[in-house]
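In: Task: produce atomic coordinates for the following.
(one chain, ligands or ions: 1)
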Amino acid sequence: MTVRVAVTGATGRMGEEVLAAASDRDDIDVAFAVSRSAGDEIEGVLVEDAADLPDLLAAHDPDVLVDFTGPASCVEYAAACAESGVAFVSGTTGLSDGGFDALRDAADEVPVLYASNFSRGIAALRRAVREAVPALDGYDIELTETHHNAKRDAPSGTALTLLEDIDDVRGDSPRVHGREGEAPRTEDEIGVHARRAGDIAGEHEVLLAGNHESLSLTHRAGSRGVFAAGALDAAAWLSGRDAGWYDFTEVLE
Ligand code: NAD
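Out: Residues are numbered from 1 along each chain as shown. Take a look at the predicted model:
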């Protein structure tokens, strides 16, 4: 069965990747694509005006909307999907607690799948971190993420997810974002470091050190295509499900 997806932020880095990945797949058709800057054609799809999204949802009735945009538009598009009965997949990061609440409200009406990272490698990294942290009790933990120079939010959504994973398995820890001047480490703090350079698609390292040894768990995304592929896997999986809140790990299982 072919799943018909709508794509938002179509002229953005991820939007273009999603359109490129969709054009290579037999199980996905693009119903329409929107962006704030309409008019271009990408992968044979005319990019329409994002302001017309409610009308386009009504006219095309896609199965799933795939969103990689910004926090404000993500919330707005989730509400439009809830209104139109269209399933919603988003990987947009930088959402506030209120933004996540709004997505959960949408999940009362339609299926919603949110992931701060759509790569299988990051899913495996999260499992490895959840195993390593309790095994290395008392070791210092530092988290470093590196992304391209146009990324807006810091630390990355994936870094925040990894920090939540660490808190889940060893209790809440204070976070120190970079260090400067007199800044000795406290026993249980987690140092968090965000680097921005070039066109790096995404790197995350969790470093555990103590007892005269260190363990470094690192993931590097070679291209944004890996996130686009995961998001389309999620869209195909989500199509036709009941309203509710879903997680990317369910797709992988
Ligand atoms: P980008 O800046 O290249 O593209 C963002 C697109 O969204 C642009 O087309 C922009 O016009 C549009 N947009 C932003 N705010 C908008 C608004 N208020 N209304 C309408 N359109 C709006 O960014 P990108 O690299 O494509 O990343 C987009 C988002 O996806 C970011 O939050 C990024 O962190 C996230 N991301 C998530 C994953 C993942 O696996 N979950 C992977 C990569 C990027």
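
In: In contact with the residue nearest to Phe68 when sequence neighbours are not counted, which residues?
Out: Of all residues not flanking Phe68 in the chain, Met14 sits nearest, at 3.5 Å (C-beta to C-beta, 6 or more residues apart in numbering). Placement of C-beta: from N, CA and C, glycine included. Counting by C-beta atoms under 8 Å, 6 or more residues apart in numbering, Met14 makes contact with 68, 91, 224, 227-228.

In: Tell me the residues of the chain that contact the ligand?
Out: 9, 11-15, 35-36, 50, 68-70, 72-73, 91-94, 115-118, 157, 224, 227 (C-beta under 6 Å from any ligand atom).

In: quick one: the strands in the chain?
Out: Using DSSP state E, the strands of the chain run over residues 3-7, 28-35, 41-42, 45-49, 64-67, 87-90, 111-114, 140-147, 175-177, 190-196, 203-210, 213-220, 244-246.

In: Name the residue of this structure with the shortest distance to the ligand.
Out: Gly12 (2.1 Å; C-beta to the nearest ligand atom).

In: and that residue, how many neighbours?
Out: Applying other C-beta atoms under 10 Å, we find 18 residues neighbouring Gly12.

In: Likewise for Glu41?
Out: 9.

In: And for it, nearest residue in space, chain neighbours not counted?
Out: Val47 (7.0 Å).

In: what separates the one you found from His193, distance-wise?
Out: Using C-beta to C-beta, to the nearest Å, one gets 36 Å for the distance from Val47 to His193.

In: the more surrounded of these two?
Out: Val47 (23 against 18).
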